[in-house]
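S.K.: no sequence on this one, just coordinates:
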């Protein structure tokens, strides 16, 4: 094991130990959002199911055509950036933590709803599309959401304890430095998602 990998492992381990309570809270909220999205996607009325089924079929049909990669990337970037910015706000004040948790809950809901839509209305291609287009991108992007949410909650709580202006400035500087790193990592995930998902959709379109 290289020195860089060992250091990264130690940093991740120390971060988890230091923020375990916060990670448990944000992970629970994230899972609740996913489950709510799955339930909502599965409990749609028949008219909405027909419309959703037609939409999913249209996505698979469109996958055989050309994709405007730049348009998809900027739409995905804007969507993720808005939610990540809302999550980052929790680091400014404890009063903004509910906003961060709502953004995390909403992101989980979107993932769960997309999963339910693909499974219930994607036909034979649904499970493959779920794995390739939802699960795999989430392996890189979702940890960034959880990291920022847990770090923001910790920073928001600490703002109550740290009364001095100098201490709060140092806290905010450290927090936003870490949040920026997480955002850049998420940006890499979004770029990969934008480039790879259309290719995977083309691959699974023939199964539908």
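M.R.: In hand now; what should we look at? Everything numeric in this text was worked out from a predicted model, so none of it was measured. Numbers count the residues shown, from 1 in each chain.

S.K.: Residue 137 and residue 143, how far apart?
M.R.: 12 Å (C-beta to C-beta, to the nearest Å). Where C-beta positions appear, they are placed from N, C-alpha and C, glycine not excepted.

S.K.: any idea of the mean pLDDT for the longest helix anywhere in the chain?
M.R.: Taking DSSP state H as the assignment, the helix of the chain that covers the most residues is helix 165-205. Per-residue pLDDT over helix 165-205 has a mean of 75.

S.K.: Against which helices or strands is it packed?
M.R.: helix 46-62, helix 69-88, helix 126-130, helix 136-161 (3 or more C-beta pairs under 8 Å, 6 or more residues apart in numbering; DSSP states H and E).

S.K.: quick one on the thing from earlier: so residue 137 and residue 143 - more neighbours on which side?
M.R.: Set side by side, residue 137 and residue 143 show more neighbours around residue 137, with 20 against 15, by other C-beta atoms under 10 Å.

S.K.: What confidence value was assigned to that one?
M.R.: So, for residue 137, pLDDT stands at 80.

S.K.: tell me the contacts of the spatially closest residue to residue 117 that is not a sequence neighbour?
M.R.: Using C-beta to C-beta, 6 or more residues apart in numbering and skipping residues adjacent in sequence, the residue nearest residue 117 is residue 41, 5.2 Å away. Neighbouring residues of residue 41 by C-beta atoms under 8 Å, 6 or more residues apart in numbering: 52, 112, 113, 114, 115, 116, 117, 120.

S.K.: average model confidence for stretch 106-120?
M.R.: Here the average pLDDT along stretch 106-120 is 85.

S.K.: list the buried ones in that stretch?
M.R.: Residues of stretch 106-120 classed as buried: 107-109, 111-120 (neighbour count, 16 or more other C-beta atoms under 10 Å).

S.K.: How about stretch 190-197?
M.R.: Buried residues in stretch 190-197 (16+ other C-beta under 10 Å): 190, 193, 194, 197.

S.K.: Check what contacts that stretch and list those residues.
M.R.: Against stretch 190-197 from outside (C-beta under 8 Å, 6+ apart): 69, 72, 73, 76, 77, 80, 132, 133, 137, 140, 141.

S.K.: Let me have these in TSV, adding distance to residue 6 as columns.
M.R.: Below are these laid out as TSV (distance: C-beta to C-beta, whole Å):
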residue	distance to residue 6
69	37
72	37
73	34
76	34
77	33
80	31
132	32
133	34
137	28
140	21
141	25
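
S.K.: secondary structure element for the residue nearest to residue 117?
M.R.: Assessed by DSSP states H and E, residue 41 sits inside helix 20-42.

S.K.: And that helix, what's buried?
M.R.: So for helix 20-42, counting by 16+ other C-beta under 10 Å, buried means 22-23, 25-27, 29-30, 32-34, 36-38, 41.

S.K.: one step back: which two in the contacts of stretch 190-197 are spaced the farthest apart?
M.R.: 77 and 132 (20.4 Å; C-beta to C-beta).
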